[in-house]
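> got a predicted structure here, sequence first:
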Amino acid sequence: MNLWDYVVLVGATLAIALYGMWRTRGARDLSTYLKGDAHTGWATIGLSVMATQASAITFLSTPGQGYESGLAFVQNYFGMPIALILVAAVFVPLYRRLNVYTAYEFLGRRFDTKTRVLGALLFLVQRGLAAGITIYAPAIIVSTVLGWSLTWTVVLSGLVVIVYTVMGGSGAVTLTQKHQMTIILAGMAVAFVILVMKLPGHLGVGDALHVAGEMGRLQAIDFSLDPDRRYTIWSGILGGLFLSLSYFGTDQSQVQRYLAGGSVRDSRLGLMFNAVLKIPMQFFILLLGALVFVFYQFERPPVFFNEAEWSRRVDSAQGAPLRALEERQATLHAEKTGAVDAWLAARRGDDAAAEAVAREAMLAAQARSEALRQEAKQALFAIDPKIKTKDSDFVFITFVLDHLPHGVIGLLLTVIFAAALSSSSSELNALGTTTAMDLYRGVVNAGATEAHYVRASKLLTMVWGVVAVAFALLLRVAENLIEQINIIGSLFYGVVLGLFLVAFFFRRVGGTAVFFAAIAAELLVLTGFFTLEIGYLWYNLIGCALCVAFSLMLHAVLGRRDEVAPLPGG
């Protein structure tokens, strides 16, 4: 990092935040503060929806996932386009017709207050936890790599997002996300171009893809029926469908984004923008990681990508085994590079027998290299069992810092912080809005003025921001945080979706049946998660199915005691 990198990072981050506050400085009425400008166009909505989902974790962890295991993670999104079409067709017009501020306000109108509060609380629990992780996950990686204080990285990034989210409300969030997402897409494109240019001169893009493919990094689809496998085409289409349907249809952080539009058409087009572009974007990011893997077949990689932790242990009194591993890795890397070049030469020579022999030698060299990486992790763990030995989250940022030019480094760090701020601002905005409208106005104080609720929303947004920062600071002793966001969401989203599906399609079922059904379903999902070995995406389907099934059974038992409210407008 040099002066130009800091100028780009600090300048772009502050400029976008200040612009958002300036543009929304006149937002005083409740609708504008909570929903944003009614004239917001579909393209801005689409970028805002994308930015809300694409946190910094996406741009730190996903390339590392592509580096380690290839493109298989893209299956996680196969159900998303179907879900977005259903949300655009069913959820959007209903929310628009009812003119609700939150998704859970609809539950109150359809069922009763207790069901509205339950839906809101399920959202607040899972999204409140996720908000702390969203701030913490990129902070720990950036602070470790750059040598910054973790505490101040968390506090300062949290402070920036709290200030412009509280001051500008939903409008500021949407506006800043538009520009943050533009920087994110531009930065990743620049990184991709530079990466391709840095590949060895004798290695074309086609050759690079063949190397990645032969080493198992381009297998995007797994047709396995094993429920224990985390990512398959079936878990992606079914589990991913229910996860996306719940996230985009019932999670207030997303609902609030497309309620900002001036019309049903704008909201729908914003969602279709994501239906078309989300899978290609994730594929592109994973492919970037796969090409980083190819790059490191020729450029010697670190033995352990969290180089700060490795260096501290190498220089300690217990560092002799680690230094020996570095020497072995240098030898193995030279052998592997030679094996890859030999395979490429045999492949170009159109000699099938020679190519097969060279391919086996290349794969054997790669296996030895991966075995040494595992040995290095075990050696670190033996020195200090508290070390987080998963280092894939450090792959992309290590490549950026070690191999990209200054200025571009600042741009890519801006990408990470822009993504962190954009997703965090949506979460805090939604948490404050839900608490103010569904709990405070809906239960505690229903008769106050709009100005009072605007002040309450600002205060509650600030409180949630402080809670998220405090939670992020407490998380420093935990491990494996980056992959926890999708897991946390999957434990709650299915049941919440079940509440809404009963509301939409089972009009005879009332609030009492669905309320207790949701509680029972949530308890079973949590029990299953802690006792069974099932890929977490399946819990979206399981939770939804249990909630719907229990609702129908309880309604049959309760009969007339299950109060029924007609679907508003139906």
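Arrived safely. Residues are numbered from 1 along each chain as shown.
> may I have the worst-scoring helix or strand of the chain on mean pLDDT as CSV, with CA atoms only?
For the chain, using mean pLDDT, DSSP states H and E, the weakest element among its helices and strands is helix 30-35, scoring a mean of 71. Written as CSV, here are the backbone C-alpha positions of helix 30-35 (Å, rounded to 0.1, in the frame of the first residue of the first chain):
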residue,chain,number,x,y,z
LEU,A,30,-41.8,8.9,6.8
SER,A,31,-42.4,7.4,3.3
THR,A,32,-39.4,9.1,1.8
TYR,A,33,-37.1,8.2,4.7
LEU,A,34,-38.1,4.5,4.8
LYS,A,35,-38.7,3.8,1.1
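> and the next helix or strand after that helix, how far out from the chain middle?
Remark: after helix 30-35, the chain's next helix or strand is helix 42-53, criterion DSSP states H and E. The chain centroid and the centroid of helix 42-53 are separated by 14 Å, computed with CA atoms, centre = their mean, to the nearest Å.
> now for helix 42-53, which elements pack on it?
Applying 3 or more CB pairs under 8 Å, 6 or more residues apart in numbering; DSSP states H and E, one finds that helix 42-53 contacts helix 150-198, helix 252-258, helix 264-298, helix 408-434. Where C-beta positions appear, they are placed from N, C-alpha and C, glycine not excepted.
> TSV for the ones you listed, including mean neighbour count?
Formatted as TSV, these follow (neighbours: other CB atoms under 10 Å):
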stretch	mean neighbour count
helix 150-198	21
helix 252-258	28
helix 264-298	21
helix 408-434	27
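> pretty sure L150 sits against I140.
Yes. Counting by CB atoms under 8 Å, L150 does reach I140; the two are 6.0 Å apart.
> for Y258, see how far away A446 is.
27 Å (CB to CB, to the nearest Å).
> sorry, that was for R455
For R455 relative to Y258 (CB to CB), the value is 26 Å.
> list the buried residues of stretch 125-137.
Q126, R127, G128, L129, A130, A131, G132, I133, T134, I135, Y136, A137 (16 or more other CB atoms under 10 Å).
> now do stretch 432-449
For stretch 432-449, burial by neighbour count (16+ other CB under 10 Å) applies to G432, T433, T434, T435, A436, M437, D438, L439, Y440, R441, G442.
> so what's the backbone phi/psi at the residue lying closest to V314 once chain neighbours are set aside?
Spatial nearest neighbour of V314, chain neighbours left out: L322 (4.7 Å); criterion: CB to CB, 6 or more residues apart in numbering. The phi and psi values for L322, taken as degrees, to the nearest 10, are phi -70, psi -40.
> how many other residues sit next to Y6?
By other CB atoms under 10 Å, 14 other residues sit near Y6.
> could you tell me how many residues sit around G206?
G206 has 8 neighbouring residues, counting by other CB under 10 Å.
> F78 against I237, yeah?
Yes. F78 is within contact range of I237, at 4.9 Å (criterion: CB under 8 Å).
> those two: which has the busier surroundings?
Per other CB under 10 Å, whichever of F78 and I237 has more neighbours is F78, with 23 against 16.
> how near is the more buried one to A456?
Distance from F78 to A456, by CB to CB: 41 Å.
> repeat that for I135.
Counting by CB to CB, the gap from I135 to A456 is 23 Å.
> circling back to that earlier point, between F78 and I237, what contacts are shared?
Counting by CB atoms under 8 Å, 6 or more residues apart in numbering, F78 and I237 have no contacts in common.
> now, which of the buried residues of stretch 125-137 lie within helices?
Counted as lying in helices by DSSP state H, out of the buried residues of stretch 125-137, are Q126, R127, G128, L129, A130, A131, G132, I133, T134, I135, Y136, A137.
> I'd like those residues laid out as JSON lines, including pLDDT.
Converted to JSON lines, these look like this (pLDDT from 0 to 100):
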{"residue": "Q126", "pLDDT": "86"}
{"residue": "R127", "pLDDT": "86"}
{"residue": "G128", "pLDDT": "85"}
{"residue": "L129", "pLDDT": "82"}
{"residue": "A130", "pLDDT": "82"}
{"residue": "A131", "pLDDT": "84"}
{"residue": "G132", "pLDDT": "83"}
{"residue": "I133", "pLDDT": "81"}
{"residue": "T134", "pLDDT": "80"}
{"residue": "I135", "pLDDT": "82"}
{"residue": "Y136", "pLDDT": "81"}
{"residue": "A137", "pLDDT": "73"}
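> format these as JSON lines; extra columns: distance to F550.
Formatted as JSON lines, these follow (distance: CB to CB, whole Å):
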{"residue": "Q126", "distance to F550": "20"}
{"residue": "R127", "distance to F550": "24"}
{"residue": "G128", "distance to F550": "26"}
{"residue": "L129", "distance to F550": "25"}
{"residue": "A130", "distance to F550": "26"}
{"residue": "A131", "distance to F550": "29"}
{"residue": "G132", "distance to F550": "31"}
{"residue": "I133", "distance to F550": "30"}
{"residue": "T134", "distance to F550": "32"}
{"residue": "I135", "distance to F550": "35"}
{"residue": "Y136", "distance to F550": "35"}
{"residue": "A137", "distance to F550": "35"}
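> from these, which is closest to T62?
When these are ranked by distance to T62 (CB to CB), A137 comes first, at 12.3 Å.
> and the closest one, how far from L497?
A137 sits 25 Å away from L497, taking CB to CB as the criterion.
> where does pLDDT dip in the stretch 251-400 of the chain?
For the stretch 251-400 of the chain, not a single residue meets the criterion pLDDT under 70.
> swap in the chain?
In the chain (pLDDT under 70), the answer is 20-21, 23-29, 33, 36-38, 168-172, 175, 475-485, 562-570.
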